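Engineer: Predicted model follows, preceded by the sequence.
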Amino acid sequence: MMNSIKICIAFVITSIFSYQNVDKAPVAKIKSDTALVLDLAIRTAFHHENLPGIAALKKHYHFGDTILFSSDTVPLSILPKRVDSLKFKVLSRKEMVLLMQTESDLRRIPNFLNIEAFEKNDTGYYVSLESLNCLASFDGGGKIGIYIAKKNDSFVVIKKMSSSIN
């Protein structure tokens, strides 16, 4: 009789803990269309250096190999912190300017990646990315416009155009 009670208690405890573990199972993170489009646009810009001014984006600064990233067009909270091997430090333009004002050697100041435009229409998306100097008094960098469409369950680049900024 005592063994039967012990077995029942053990069964109940095991059942309780097994149900708790089901709730803690990892959940696959599903990316929104906006996040997928941004990732594809960034990959396209950096692939074969399609975006002029890539070298100035990759200058080592206080954040090492991390690229400064901003936008006035989309909320900073949706900008990716990483795309493939690229790492980003997301800052507002104001935060960037304050950071750069502390630098005494202007040659060390990198460009930053900026989303100039993010538009959705019936046929897909248009994303414009820029490589801009962190200090407005200096020019240089580049710009790329990318048209992206949804094909079945994935996104594809339809057209891209780039130019240097002098």
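Structural biologist: Perfect, I can see it now.
Engineer: In contact with A41, which residues?
Structural biologist: If a contact means Cβ atoms under 8 Å, 6 or more residues apart in numbering, then A41 has V127, L129, I146, I148 as its contacts. No exception for glycine: its C-beta is placed from N, CA and C like everyone else's.
Engineer: Keep only those of those that are in strands.
Structural biologist: Among the contacts of A41, DSSP state E puts V127, L129, I146, I148 in strands.
Engineer: how close does the nearest residue to the first one once chain neighbours are set aside get to T123?
Structural biologist: Meaning V127. Spatially, and ignoring its direct neighbours in sequence, V127 is nearest to A41 (4.0 Å; Cβ to Cβ, 6 or more residues apart in numbering). Distance, A41 to T123, using Cβ to Cβ, to the nearest Å: 16 Å.
Engineer: Beta-bridge partners for the residue lying closest to R108 once chain neighbours are set aside, please?
Structural biologist: The shortest distance from R108 to any non-neighbouring residue, by Cβ to Cβ, 6+ apart, is to Y61 (6.5 Å). Taking DSSP bridges as the rule, Y61 bridges to G64.
Engineer: Provide a list of residues in contact with the nearest residue to S163 once chain neighbours are set aside.
Structural biologist: Distances taken as Cβ to Cβ, 6+ apart put K143 closest to S163, at 5.6 Å, once the chain neighbours are dropped. By Cβ under 8 Å, 6+ apart, the residues touching K143 are L51, P52, E116, S128, L129, E130, S131, S162, S163, I165.
Engineer: Can you tell me how far K143 is from N111?
Structural biologist: Counting by Cβ to Cβ, the gap from K143 to N111 is 12 Å.
Engineer: Touching both of those two, which residues are there?
Structural biologist: Contacts common to K143 and N111, judged by Cβ under 8 Å, 6+ apart, are S131.
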